[in-house]
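Chemist: I need the structure of the sequence given here:
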Amino acid sequence: AYVTVKEGANVRGEDVVRWAKYQSDISSFMVPREVEVVKELPKTSTGKIKKMKLREWAKKSTGS
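Modeler: Have a look, this model is predicted:
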């Protein structure tokens with residue numbers, strides 16, 4: 001999963017996973033195995049998130 005945080009926040013991906021695991025309203029299968037904190041998510045001109053670009057990032061990070 002890719003997440004953004006407020007500028008100046010000191011949050012790591014592991015912190016997000018740990019937080020999600022202990023939320024009672026999040027089922028365990030919904031907790032991501034990995035989280036990467038990015039400065040901003042890629043968006044289209046209309047403001048929608050470019051999911052294909054995120055998939056490309058994921059392939060590059062796993063080496064697939």
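Chemist: list the contacts of the worst-scoring helix or strand of the chain on mean pLDDT.
Modeler: Counting by mean pLDDT, DSSP states H and E, the chain has its least confident helix or strand at helix 51-62, which shows a mean of 90. When contacts are taken as CB atoms under 8 Å, 6 or more residues apart in numbering, the neighbours of helix 51-62 outside the stretch itself are 2, 36, 41, 42. In short, each C-beta sits where N, CA and C put it, glycine included.
Chemist: burial measure for the third one, as a count.
Modeler: Using other CB atoms under 10 Å, the number of residues around residue 41 comes to 14.
Chemist: in this protein, where is pLDDT below threshold?
Modeler: Along the chain, the model assigns pLDDT under 70 to residues 63-64.
Chemist: ends of stretch 36-55, what's the gap?
Modeler: 13 Å (CA to CA, to the nearest Å).
Chemist: just the buried residues of that stretch, please?
Modeler: Buried residues in stretch 36-55, counted by 16 or more other CB atoms under 10 Å: 37, 54.
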